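Trainee: Sharing a model prediction with you, sequence too.
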Amino acid sequence: MDELQFIVAKLNEPPFQLNLTLVDFDEKAPTELLQLLVDVFSKLDDQLKMDVREVPKEQISAKIVQTLNILKFKMPENEQDQERFVQGLENGDKVVVYQILHWALQRLPSLQKRAYLARFLVRVEIPPEFMQDDVLQEIHNTHRELQSQFKEVHKQVDALRAQPTKPQEIKTEITTLEDERQQLRIKIERLKKQTSGEPGFAALLEATSGLRQQQDEESRLNENMRKQRMALQHAQQRKEEAQRRLSGMTQSAKQNASPQAMISQLQTEVRELQNRAKGVLVREMEQEQRKLAKLADERFDPQRSPEDIEAATHEVRALEDRCNQLRNQIDDDMSARGDNKLQMFRQTAQVAAKKLAAKEEELEGLNDEKQRLAKDVDEMEAKLSEISGPKFMTREEFKAYGVKLREKTHVYKRMKNELAEMRAELVVLHRTEQILRGRDKNLDGFLKDLEAKKGVVGYRETQEKLEKASEETANVDQNKEQTLEEISEIVREITVQLKERKNYLAPQIKLLREVRKVYQEVETEYNRKKAMYDKVAVGLEVERQQLEQACDDYQSECLQEESKYHYFNCLHSMTTAQLDRVNNEEKWDRGEGSFMPNFKTYTKMYQDKVTRQQALTDQLRKQKASISGNESGNMEQRRLFAELHKLLSCKLRAAKKIEEEKTGFSSSEFDMGGAKVMKIDQM
């Protein structure tokens, strides 16, 4: 029953999802069971996908047996048993199909992998007489080599799939390595230039290279020693575990323990391993992940010197002491005055403190943004200074700039005087115009007549338009000049500010370069320690995977043993029940008790049932003979009743028609021989 439940549960899961019940599965016909087995094997190999109603059963069984041999299924060893197994497979026998389904569904993922590898790794059997051909032999050897290469590649792919991949960390590591490579190349070139002329440098370089190689070799040997010690420790642990299990099994064998006790012991061991895998290892992994996250966060924090930390600590202590002193002073003053409003003030102070904390957080965020922007500006200025070098005015340039500035000042003063003279002349002209307009009110008419006499009609209007256009042009030129002066002023201010900032930041940039060197050294040390940590983490991960694999193997073994136990237990129960039934039958036959008050044994009860069934059969036969003998009379009587039914139907229809046609007709009824007769008389 457990085997059937397991099969139905697996068939209801992906990738099958058949939504079966135990009753539906048990009621399947042999052909349906064989089709279900083919569908399961088609998930392992697409070539087995077929319809059993269209393919001969011998071909289906041959393909399934071939697949089972490839998948290392334990076939019967005896030839007769093998023939019975194949015959049962062809006939869709439940015992054979259930056994194969239980075995396949229990290890479906591993069988899928084995079936995939079998497509490429199955050996091609070639008769020896054909192997004499050199070309065929060369092709066969090439095929074997390709199979070996496929094995190695597949192992590498499995190893890579088992490793946790983090693309972002890989990209970061690649970028870091590229930067380190560039920095090392620059350092090497600089050192080569510095040491190219020094005597004895080649011997010193060779000695230091040898020392470095020996140090690398020493570190590699230490790492191998650590791995060997760890492997030795794991081997000792496995040895102790195996000895403990051996002693337990020996003790159980000495005590003649039952199979149930042995299974219970195995279940206890499996539970202990599961608890270890789900508890201890999970906690250790969580601790390592927390450490890794903490290190990743600390990696981006700014570096602080011990002096900074000590100064901040002293400042915090001083502020705390000052706060405590002020609190005590306030409490003393309030107690002396007897004022109880301190709670209200403290609440107000707490609200103000919360607001202050919020503003401080906002200020801190703005300061961080400011620092980030300042850092970007420093980096850009440093790149600019590295590319084009610092820009400072020389003495000659400064003198030329002073001469040009004095010339522009002289021109400005001259043009300012001319502007004042023109404004004074404009006032005089405006006054002259007013006087002339006062003498002759119709000045426009006078000028028009004068223009007509001279033959230059429209001269004044044209002159005014020209003057207006000149004024507009002058205004536009003045605006352009003003705009250009403003732009020049802005450019000069930006240039001055940029020069001042460069002069101000030059020592800081120099200090920043030194700090960057220190940062690179610290980062190199951090990367080295991080690499060591990654190696330890990989070792722990491999150990965890090995433990999980061992747990899976133990669990599979336990499930298999448990399935065998339940199967044999069911067979034992069925055999015991049949044996008890036979013993009771013999006992009741000898006269020792009875099966039921009316029946002494099962035999009597079944004989009585057989007698009753025979009597019932005889009675039914007689009834059948009686019905066959009276068939003609009964059919005649059925025909008469059918005609009578037709006659009565016609009579009913006629009565309804007469009832509908009462208008214009009269009817009378009289009794004739016990039957009512209706006579219709026409009016």
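Mentor: Here it is on my side, so go on.
Trainee: Okay, and the closest residue to Met75 other than its chain neighbours sits in which element?
Mentor: Among residues not flanking Met75 along the chain, Gln82 sits closest, at 6.3 Å (CB to CB, 6 or more residues apart in numbering). The C-beta positions use only the backbone N, C-alpha and C, and glycine is treated the same way. Taking DSSP states H and E as the criterion, Gln82 maps to helix 79-91.
Trainee: how about low-confidence regions in the stretch 101-250 of the chain?
Mentor: 129, 132, 163-167, 249 (pLDDT under 70).
Trainee: quick one: the closest residue to Ala162 other than its chain neighbours and Ala318, what's the gap?
Mentor: Leaving aside its sequence neighbours, Ala162 sits nearest to Gln545 (CB to CB, 6+ apart; 6.6 Å). In this view, Gln545 and Ala318 are 55 Å apart by CB to CB, to the nearest Å.
Trainee: Then Ala424?
Mentor: Distance from Ala424 to Ala318, by CB to CB: 72 Å.
Trainee: who touches Ala104 in this structure?
Mentor: Residues near Ala104 by CB atoms under 8 Å, 6 or more residues apart in numbering: 40-41, 44, 71, 111.
Trainee: Mind doing that once more with 6 Å?
Mentor: For Ala104, the contact set (CB atoms under 6 Å, 6 or more residues apart in numbering) comprises Val40.
Trainee: how about low-confidence regions in the stretch 401-550 of the chain?
Mentor: Looking at the stretch 401-550 of the chain by pLDDT under 70, you get 436-444, 446-447, 454-457, 459-460.
Trainee: on that earlier part again, any idea which helix or strand carries the residue nearest to Ala162?
Mentor: helix 459-589.
Trainee: So which elements touch that helix?
Mentor: helix 259-275 (3 or more CB pairs under 6 Å, 6 or more residues apart in numbering; DSSP states H and E).
Trainee: now the angle from the helix it packs on to helix 459-589?
Mentor: For helix 259-275 against helix 459-589, the angle by axes from the mean of the first three to the mean of the last three CA atoms, to 10 degrees is 160 degrees.
Trainee: Could you measure from Glu272 over to Asn417?
Mentor: For Glu272 relative to Asn417 (CB to CB), the value is 108 Å.
Trainee: make that Gly279, sorry
Mentor: 98 Å.
Trainee: what about Gln168, distance to Val38?
Mentor: According to CB to CB, Gln168 and Val38 sit 46 Å apart.
Trainee: right, I mislabeled it, should have said Ile186
Mentor: 68 Å.
Trainee: what does Ala357 give?
Mentor: 72 Å.
Trainee: likewise Glu27?
Mentor: Glu27 is 19 Å from Val38, by CB to CB.
Trainee: and these two? which has more neighbours close in?
Mentor: In this comparison of Glu27 against Val38, neighbours counted by other CB atoms under 10 Å, the higher total goes to Val38 at 18 against 9.
Trainee: just checking, Met605 touches Phe599?
Mentor: Yes. The pair Met605 / Phe599 is scored as a contact, 4.0 Å apart, by CB atoms under 6 Å.
Trainee: Next, show the common contact partners of the two.
Mentor: With CB under 6 Å, 6+ apart, Met605 and Phe599 have no common neighbours.
Trainee: Buried ones in the helix or strand Gln607 falls within, by neighbour count?
Mentor: Under the criterion of DSSP H and E, Gln607 resides in helix 602-629. Residues of helix 602-629 classed as buried under the neighbour-count rule (16 or more other CB atoms under 10 Å) are 602, 604.
Trainee: could you give me the average pLDDT of the helix or strand following that helix?
Mentor: With elements assigned by DSSP H and E, the helix or strand that comes after helix 602-629 is helix 631-660. For helix 631-660, the per-residue pLDDT values average out at 89.
Trainee: starting at the chain centroid, how far to helix 631-660?
Mentor: 83 Å (CA atoms, centre = their mean, to the nearest Å).
Trainee: Just want the angle from that helix to helix 602-629.
Mentor: Using the same axes, to 10 degrees: helix 631-660 against helix 602-629 is 60 degrees.
Trainee: elements contacting helix 631-660?
Mentor: Secondary elements touching helix 631-660 (3+ CB pairs under 6 Å, 6+ apart): none.
Trainee: In PDB, list the C-alpha atoms belonging to stretch 606-619.
Mentor: The C-alpha trace of stretch 606-619 is given here as PDB (Å, rounded to 0.1, in the frame of the first residue of the first chain):
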ATOM      1  CA  TYR A 606     -20.000 -22.500  -0.100                       C
ATOM      2  CA  GLN A 607     -21.800 -25.800  -1.000                       C
ATOM      3  CA  ASP A 608     -25.000 -24.300   0.400                       C
ATOM      4  CA  LYS A 609     -24.500 -21.100  -1.700                       C
ATOM      5  CA  VAL A 610     -23.800 -23.300  -4.800                       C
ATOM      6  CA  THR A 611     -27.000 -25.300  -4.100                       C
ATOM      7  CA  ARG A 612     -29.100 -22.100  -3.800                       C
ATOM      8  CA  GLN A 613     -27.700 -20.700  -7.000                       C
ATOM      9  CA  GLN A 614     -28.500 -24.000  -8.800                       C
ATOM     10  CA  ALA A 615     -32.100 -23.900  -7.500                       C
ATOM     11  CA  LEU A 616     -32.500 -20.300  -8.500                       C
ATOM     12  CA  THR A 617     -31.100 -21.200 -12.000                       C
ATOM     13  CA  ASP A 618     -33.600 -24.000 -12.400                       C
ATOM     14  CA  GLN A 619     -36.500 -21.700 -11.400                       C
END
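Trainee: State the number of residues packed around the residue nearest to Met75.
Mentor: When neighbours are defined as other CB under 10 Å, Gln82 has 13 of them.
Trainee: Distance of Gly92 relative to Ile60?
Mentor: 10 Å.
Trainee: ok, now how distant is Val153 from Ser110?
Mentor: Distance of Val153 to Ser110, computed by CB to CB: 19 Å.
Trainee: ok, Leu211 to Arg185 distance?
Mentor: The value you get for Leu211 to Arg185, if CB to CB is used, is 22 Å.
Trainee: err, Ile487, not the other one
Mentor: Applying CB to CB, the value for Ile487 to Arg185 is 45 Å.
Trainee: Please apply the same query to Leu4.
Mentor: 70 Å.
Trainee: Show me the helices in the stretch 51-200 of the chain, by range?
Mentor: Ranges of helices within the stretch 51-200 of the chain are 57-70, 79-91, 94-106, 108-121, 134-162, 167-195, based on DSSP state H, counting those that start in this stretch.
Trainee: and those, which is most packed in?
Mentor: Most buried of the helices of the stretch 51-200 of the chain by mean neighbour count (mean count of other CB atoms under 10 Å) is helix 94-106; its value is a mean of 18.
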